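[1] Give the three-dimensional model of this entry:
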Amino acid sequence: MSLPLRLLRGRGLPTAARSGAAAGRFVWLAPAALLVLAFMAGPILSLATGHSVDGIDPAAAWAGPGAEHLLGTDALGRDVAVRTGYALRVSLLVALVAAFVSLVMGGLSGLASGFVGGIADRAFLRVLEVLQALPFIFIVILVTMLTRELVASWSVGLSARALTQAGTVAACLGAIQWFSLARYARSLAVSVRSADYVSSMIGMGFSKWRIVWRHLLPNTLVPMLAYATLLVPVLVLEEAFLSFLGFGVQPPYPSLGTLLSDGASAMESAPTMLLSSCGAILLLTVCTNVLASRLASRFAATDVRGGG
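    Here you go, the predicted structure:
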């Protein structure tokens with residue numbers, strides 16, 4: 001029996017059910033809105049205060065919080081609030097690019113291994129086990145350090161060097177986070193391959209490319225995207241860790257890890273620098289984690305279904 005139209009529109013639902021749906025939408029929208037605001041915080045603060053991200057004013061060095069500088073200034077007189085806003089954007093972009101690299105590497109390799117099966121699949125699992133046992137964070141530090149020395153010898157501007165270093169950091173972080181995603185993608189591919197309709201299509205002589213394009217990718221892309229979003233908060237922390245040690249994003253681009261390092265070394269002179277960078281990292285990781293968990297719970301359990 002079909003439901004009344006007013007129930008389909010939500011008008012006949014109990015008050016508790018409507019309140020739960022509204023709360024669910026708030027959990028979805030609130031972190032998304034905060035992330036958008038964090039991404040735009042740098043330009044907004046720069047426009048509102050009149051200070052640029054790399055504007056140096058030695059006369060205003062170590063100024064305390066006030067109307068002129070909301071969170072004070074650093075040793076070079078640069079506005080801490082503006083730099084924190086831009087650092088949020090840089091760290092989030094690096095984490096998103098790294099998550100995309102993980103999605104491409106882990107998704108393609110895992111889907112191929114799970115769909116092909118056999119000896120190749122078993123060999124792929126053994127390779128994953130070996131790679132996951134390696135101390136990749138030290139390899140990332142070595143690669144970023146060598147890249148920084150190589151880029152320093154190029155006859156390019158400071159911004160181009162920093163952009164190259166940021167891209168290297170994102171690629172390296174993505175290259176060490178694809179293992180778990182590859183296992184997940186492989187499990188999705190095995191589920192699709194073992195489905196009855198896929199077995200029937202193989203028995204009827206359909207090409208594997210047709211099965212991949214019409215059934216494998218449509219049934220696995222959204223769950224993999226949801227899983228990749230779970231890597232973003234982890235990547236934010238790893239980028240901050242590398243930048244804190246001096247192997248991450250380089251000047252003139254600010255990074256949350258760089259600001260955290262500067263704040264730790266000047267804790268007594270400018271405590272707001274340390275507190276603002278810690279608060280920004282907490283905001284970014286909490287918002288990305290809540291949003292990623294919401295996406296994963298909504299899409300990761302997508303059922304394997306037949307395509308047209």
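[2] if I look at the residue nearest to residue 180 when sequence neighbours are not counted, how far off is residue 112?
    Excluding the flanking residues, the one nearest residue 180 by CB to CB, 6 or more residues apart in numbering is residue 106, at 7.5 Å. Heads up, the C-betas are built off the backbone N, CA and C, glycines and all. Computed as CB to CB, to the nearest Å, the residue 106 to residue 112 distance reads 11 Å.
[3] Comparing those two, which shows the higher neighbour count?
    Shown here are residue 106 and residue 112; by other CB atoms under 10 Å, residue 106 has more neighbours (27 against 18).
[4] In terms of secondary structure, what does the helix or strand hosting that one contact?
    Assigned by DSSP states H and E, residue 106 falls within helix 80-116. Counting contacts by 3 or more CB pairs under 8 Å, 6 or more residues apart in numbering; DSSP states H and E, helix 80-116 packs against helix 15-49, helix 118-132, helix 158-175, helix 178-193, helix 217-229, helix 231-245, helix 256-265, helix 271-299.
[5] try 6 Å this time
    helix 15-49, helix 158-175, helix 178-193, helix 217-229, helix 231-245, helix 256-265, helix 271-299 (3 or more CB pairs under 6 Å, 6 or more residues apart in numbering; DSSP states H and E).
[6] Nearest to residue 127, out of those?
    helix 178-193 (9.7 Å; CB to CB).
[7] Please identify the buried residues of the helix or strand just after the closest one?
    Once the chain leaves helix 178-193, the next helix or strand it forms, by DSSP H and E, is helix 196-203. Residues of helix 196-203 classed as buried: 198, 201 (neighbour count, 16 or more other CB atoms under 10 Å).
[8] tell me the angle of helix 196-203 relative to helix 217-229?
    130 degrees (axes from the mean of the first three to the mean of the last three CA atoms, to 10 degrees).
[9] Quick check: which ranges of the stretch 51-200 of the chain have low pLDDT?
    Along the stretch 51-200 of the chain, the model assigns pLDDT under 70 to residues 155-156.
[10] again, only this time at 90
    53-64, 66-70, 75-76, 117, 131-166, 175-177, 180, 192-200 (pLDDT under 90).
[11] go on, the stretch 201-308 of the chain?
    Residues of the stretch 201-308 of the chain meeting the criterion pLDDT under 90: 201-216, 218-219, 222-223, 225-227, 229-230, 245-253, 264-273, 288-308.
[12] give me that answer again for 50
    Scanning the stretch 201-308 of the chain for pLDDT under 50 picks out the ranges 302-308.
[13] Spatially nearest residue to residue 105 (excluding sequence neighbours)?
    Closest residue to residue 105 apart from its sequence neighbours, by CB to CB, 6+ apart: residue 178 at 4.1 Å.
[14] who's in contact with that neighbour?
    102, 105-106 (CB atoms under 6 Å, 6 or more residues apart in numbering).
[15] one step back: list the contacts for the residue nearest to residue 180?
    Each residue near residue 106 by CB under 6 Å, 6+ apart is listed here: 178, 181-182, 185.
[16] Name the member of those residues with the most neighbours.
    When neighbours are counted by other CB under 10 Å, residue 185 leads these with 28 neighbours.
[17] Tell me who's in contact with that residue.
    Going by CB under 6 Å, 6+ apart, residue 185 touches 106-107, 110-111, 224.
[18] Out of these, the closest to residue 253 would be?
    Looking across those and measuring by CB to CB, the closest to residue 253 is residue 106, at 27.2 Å.
[19] I'd like the distance between residue 134 and residue 113.
    Between residue 134 and residue 113 the distance is 19 Å, computed by CB to CB.
[20] of these two, who's got more company?
    Neighbours were counted for residue 134 and for residue 113 using other CB under 10 Å; residue 113 has more, 24 against 10.
[21] State the phi and psi torsions of residue 51.
    Here is the backbone geometry of residue 51 (degrees, to the nearest 10): phi -110, psi 140.
[22] That one - how many residues pack around it?
    Neighbour tally, residue 51, other CB under 10 Å: 23.
[23] Skipping its backbone neighbours, what lies nearest it in space?
    Nearest one to residue 51, counting by CB to CB, 6+ apart, is residue 79 at 4.0 Å.
[24] Surely the one you found and residue 50 touch.
    No - assessed by CB atoms under 6 Å, residue 79 is found out of contact with residue 50, at 9.2 Å.
[25] Who has more neighbours out of those two?
    Taking other CB under 10 Å, residue 79 and residue 50 do not tie; residue 79 has more neighbours (26 against 11).
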